[in-house]
Every structure is written in C-alpha cells, then in structure tokens.
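Visitor: Make a model of this:
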Amino acid sequence: MNPLYEQMKTSVFERMSLAALKHDAVNLGQGFPDFGWPDEILEEAARALKNGSNQYAPSRGLMTLREAVAAHYNRQFGEGLAAENICVTSGATEALGAAILAVVEPGDEVIIFTPAYDSYAPMIRRAGGSPVEVALQPPGWLLEEGALEAAVTSKTRAILFNNPHNPAGRLFGQEELEQLSRVAQAHDLIVISDEVWEHILLDERRFAPLATLPGMAERTIKVGSAGKIFSLTGWKVGWLVAAPELATSVARAHQFLTFATAPNLQAAVAFGLNEGDSWLEPMRDRFRRARDRMSEGLRLAGYSVLDAASTYFICVDLPASGIALEDEDFATIAVEQAGVAVVPLSAFAEHDPARHLVRLCFGKKDETIDAGVAAMARAKELAA
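Guide: Numbering: from 1, shown residues only. A predicted model of the protein is given here:
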C-alpha cells in the first residue's frame, strides 16, 4: 500500500462526527449547516433529474453552469470572466486536488498557512511535493510578509492560500493580499486561492478575490463552491477559475479524478446563480444571527471566544476560559461525557500546532446551537 495513505490518520472531521454519532452528541465539529438552502434550487434539481440528461456531463462542466459562474463573478467583483475560465469539479476539495496535481511536480515545495484545511498537505505530498508551513498566530491570525518571504526557497512552486480562512474565521485585508501578491510575483509563483467562503461574510464586510489584484490574474487558480454559497454541501459541486491556459491544464488533471459531476445538480446550481444574488444577504444575516447566538451563549457559560468575520466557525481559547486541558483532551471529554463534538485546532497543523483552541460550527438552527452551548457548559464543568 502507498505509505502516504497506509499511515494516514482518519480526518479529524470524520473522527469527531463518528464520535458524535456513537455518543449521541450535538455535532458542532464537522462544518455543515442545517439551514439556509433555497427550496427553489432543490426543486430545479428535481426537475432536471426527471426531465434532463442523466448521462455524463462534459468533463469541464455544463456550459450553462460555466457561463453562470463567470457571470456571477463578473457581477459581484467586476471580473471579465467567460466560460473558458471555468472548470466544474465534484466539490471544492476535488478542485484543490486537481489544481495541486496540475501545478506541483516531484521535489516542489508549496507554502501553506496554518492552521490549514486538512486536505492541503496530503494532496501536495500525493503530487510529490512538500508542504511548507507558515504559522498564523492567534488571536489576530495576521499574514506577515516577512514570514512568507522567509519560507520561499529555490524549490518553491506555489502558495496555497485560504481566504476567508477556515478554521480562524478570518477575512484577510487589502494590505495582506498585496503582501502575498508581491511575494508571488517576485518569485514567479502560482497561487492556489481557496475562496470557498467568499460569500459568507459577517458584519457588512467585503471580499476581494486575489485574482483582481494587479498582476495576479495570470498566476491565480481560484477554487469556489456551490455547497458553501447555497448551504448544499452534500451536492459536491465546485469549480476552479483561472486564466484559460491554467484552467485547461487543471481540467486535464480533473478529467482523471472524477471526470464529471451530476448534470442535474449542475443545472440547479446554474439556475441558482442565474436567478441573481437575492439569496446572499438573507443567508449572511442568518449566519450572523447564528454566530451571535452561539458566541453570546458560550461567553455566558464562561468561555473566551475569538472573533469571526467569515465562514461558519468560531474558536474557543481554552486557557483563557479557565481550562488547563489541551484541545484533544478537552474534545474527548466534550463528546464522550458532555454530549457535544468540537474540533481540536491542533489537527490543522503538523509542526508545533497550537493546542489551546477548539473550533465550533455555528451554522445551525437555534435549537441545535442552544443544545450545543448547554453541552459546552457541562464540558467546562467537567474539565475544570
């Protein structure tokens, strides 16, 4: 067996979700919402299933969806995209895998910012490369140009960047984007920009795609997700956006991973995007209310909660909350004895990870949030 997979641990998200099932716990670990999808899009998927094609879609995606993705970004961010810039994938994780396989050769290094989504490092290694970690420090999680520059070597091929950032809930500012842009252009690096959380913005914040910065469109591979935009994570419809030459190269890797994605789901996502952007603001308001409800409940229970500007995740600082346990130990007590699953943040880095933070998903109905907060209060008592 390939030792990369033979020795690999089960994903922390899968592990905590299985533990939640085993112990009948509230699952605030794995990042999926239990509200927020527009019923009209589900109805369109059912109509397309019954009346449309159920055979292989074109590998790069239905033309209707590729055009809809391009038009959406042109409306939102003033980009000049067309269908040739888009390749539809089976979820954003597959888009990330295809982008990494297309860019990285054996011996290359890829810079990632930790805490980092747990698929990044394994996929870089699968391509024959080596991940190089640049640690973002809580509670600010600031991107520092000096630390990024120091990580670049003669072997560096790409930077894998996540904005807005999971698990920190951070939205990087214009100055930080410009710092990353300077380093990428100075060293002729490709940037794989994981932007799946681009529309889950809280408190009236604004997002800027990395490719819109001067000099970055030709070296950026953007990853997007219908699952995040429409709260339909189980559909696994994602895409990548890049200059035509880059997009074609990544599409060649994609065709030998999943080849194509369910056509009825693609048609329904195209419908959702083409209907305009009226879905977005109600979705943001609902996530903001959910964040505030969970944050306030946790603070009343005695927890120190870090700010979240985006995504549907917040982090709790254990020592600042009066808890001396490391994140893994606390997570075990929480799910097995208190009845709530959370994710230890140490799972998001390999070298010297922070072990004093846990992540919770607030993208839940009020009753789920209240049950989770009550369980967290019990966990605090048990961990004291």
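Visitor: What residues does Pro319 make contact with?
Guide: By Cβ atoms under 8 Å, 6 or more residues apart in numbering, the contact list for Pro319 reads His356. Placement of C-beta: from N, CA and C, glycine included.
Visitor: How about Arg125?
Guide: Contacts of Arg125 (Cβ under 8 Å, 6+ apart): 4, 131.
Visitor: let's see 7 Å
Guide: Leu4 (Cβ atoms under 7 Å, 6 or more residues apart in numbering).
Visitor: Sticking with Val316, tell me its helix or strand.
Guide: Val316 is located in strand 313-317, with elements delineated by DSSP states H and E.
Visitor: got the contact list for that strand?
Guide: Strand 313-317 is contacted from outside by 31, 166-169, 291, 294-295, 298, 303-306, 308, 345, 356-362, using Cβ under 7 Å, 6+ apart.
Visitor: hmm, 8 Å instead?
Guide: Counting by Cβ under 8 Å, 6+ apart, 31, 138-139, 166-169, 291, 294-295, 298, 303-306, 308, 342, 345, 356-362, 376 sit against strand 313-317.
Visitor: again, but for stretch 29-38
Guide: 12-14, 16-17, 20, 166, 230-234, 272, 279, 283, 286-287, 311-313, 335, 341-343, 359-361, 363-365, 368.
Visitor: Generate a PyMOL selection restricted to the buried subset of the residues you listed.
Guide: A single PyMOL command selects the buried members of the contacts of stretch 29-38 (16 or more other Cβ atoms under 10 Å):
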select buried, resi 12+13+16+17+20+166+230+231+232+233+272+279+283+286+287+311+312+313+335+341+342+343+359+360+361+363+364+368
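Visitor: Can you list which of the contacts of stretch 29-38 are found in strands?
Guide: When DSSP state E is applied, the contacts of stretch 29-38 are split such that 313, 341, 343, 359-361 fall in strands.
Visitor: Show me what the longest helix along the chain is packed up against.
Guide: Counting residues, the longest helix found in the chain (DSSP state H) is helix 280-300. Using 3 or more Cβ pairs under 8 Å, 6 or more residues apart in numbering; DSSP states H and E, the elements in contact with helix 280-300 are strand 304-305, strand 313-317, helix 366-383.
Visitor: if we can go back for a sec, could you work out the most separated pair of the ones in strands among the contacts of stretch 29-38?
Guide: Phe313 and Ala341 (13.4 Å; Cβ to Cβ).
Visitor: Can I take it that His87 is in a helix?
Guide: Just so we're on the same page, residue 87 is Cys rather than His. No - Cys87 is assigned strand when assessed by DSSP: H, G, I helix; E, B strand; the rest coil, not a helix.
Visitor: related to what we said a few turns ago, report the mean confidence score over the strand holding Val316.
Guide: Average pLDDT, strand 313-317: 97.
Visitor: in it, what counts as buried?
Guide: Within strand 313-317, judged by 16+ other Cβ under 10 Å, the buried ones are 313-317.
Visitor: Stretch 26-39 now?
Guide: Neighbour counts over stretch 26-39 (16+ other Cβ under 10 Å) mark 26-33, 36-38 as buried.
Visitor: Where does confidence bottom out across these?
Guide: The minimum pLDDT among the buried residues of stretch 26-39 falls on Gly36, with 76.
Visitor: Please state the backbone phi and psi of it?
Guide: Taking degrees, to the nearest 10, you get phi 110, psi -10 for the backbone angles of Gly36.
Visitor: Next, work out how far apart it and Leu306 are.
Guide: Computed as Cβ to Cβ, to the nearest Å, the Gly36 to Leu306 distance reads 23 Å.
Visitor: Output the buried residues of strand 313-317 in a markdown table; the columns should cover distance to Leu257.
Guide: Converted to a markdown table, the buried residues of strand 313-317 look like this (distance: Cβ to Cβ, whole Å):
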| residue | distance to Leu257 |
| --- | --- |
| Phe313 | 27 |
| Ile314 | 33 |
| Cys315 | 32 |
| Val316 | 36 |
| Asp317 | 38 |
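Visitor: my guess is Gln185 contacts Arg219, does it?
Guide: Yes - between Gln185 and Arg219 there is a contact at 7.4 Å, judged by Cβ atoms under 8 Å.
Visitor: Would you mind telling me which of those two has the busier surroundings?
Guide: Ranked by neighbour count (other Cβ atoms under 10 Å), Gln185 and Arg219 place Arg219 first, with 20 against 16.
Visitor: who touches the more buried one in this structure?
Guide: Here Arg219 is in contact with 184-185, 188-191, 246 (Cβ under 8 Å, 6+ apart).
Visitor: Now the two most distant members of these.
Guide: Longest span within those, Cβ to Cβ: Gln185 and Leu246, 15.3 Å.
Visitor: returning to that earlier point: can you name the next helix or strand after the strand holding Val316?
Guide: Next along from strand 313-317, by DSSP H and E: helix 327-333.
Visitor: re earlier: rebuild the helices and strands packed on helix 280-300 as CSV, extending it with distance to Leu240.
Guide: Formatted as CSV, those follow (distance: least, Cβ to Cβ, whole Å):
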stretch, distance to Leu240
strand 304-305, 34
strand 313-317, 23
helix 366-383, 33
